Structures are given as C-alpha cells and as structure tokens.
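Engineer: Model the structure of this input:
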Amino acid sequence: MARRERYVVEITEGALRIAAGSRVLTLTPVRPPVSQESAPDFILALDDIEHWDAPHDDDLIEIEDLQRIVQAIEDECDRRGLSVEFD
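Structural biologist: Purely as a prediction, here's the structure:
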C-alpha cells in the first residue's frame, strides 16, 4: 500500500504554498470582482492546479492529489479563521 503524504499549507504574502514531501505547489489567489461586496480572503482557480512547481513540474497533479490539496487549504484557512473560495 502506498504511503499517503501529508499536505502542509503555508500562507505567504500574496500566495499559498502547499508542500507534499519534496513536491511544492505555489498558488496565487485571483482578485475578487470589484462588484463583489463580501469577498473571501482567497479565491483560487482550480484550473491553475495542474502541475507541481519545478523541479517536479513534469509531474501532473492527479485528481486524488487535487482533492487532498483543496481539503488541506480549506482546513488551514478554517484553522486561521480565513475564507477561501475555489473557482
């Protein structure tokens, strides 16, 4: 049975960084529409979550990894009292 890596989310100035073992994914939030009254703290485009950062940029992020990444981001935002929306 394959070992499931732990996903660690770091919130930095202007980005979210997700680490899983030696692989890292950096996501830059999308700006909320000007007309949106109560925007979440982060809006992340799911279409941007395709490949890990270099040197693992040839590794495609599979659907199971995507689900675990989304869950890790939601958990970290909840822990910090932040809101996140996926587009």
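
Engineer: Distance from stretch 35-44 to the middle of the chain?
Structural biologist: 16 Å (C-alpha atoms, centre = their mean, to the nearest Å).

Engineer: Determine how far the last residue of that stretch lies from the first.
Structural biologist: For stretch 35-44, the separation between the terminal residues is 18 Å (C-alpha to C-alpha, to the nearest Å).

Engineer: ok, residues contacting it?
Structural biologist: 16, 27, 29-33, 73, 77, 82-87 (C-beta atoms under 8 Å, 6 or more residues apart in numbering). (Glycine included, C-beta is placed from N, CA and C.)

Engineer: Go through those and say which is closest to Asp58.
Structural biologist: Taking C-beta to C-beta as the measure, Asp58 sits nearest to Leu27 out of those, at 18.6 Å.

Engineer: ok, the closest one touching Asp48?
Structural biologist: Yes - counting by C-beta atoms under 8 Å, Leu27 touches Asp48, with 6.3 Å between them.
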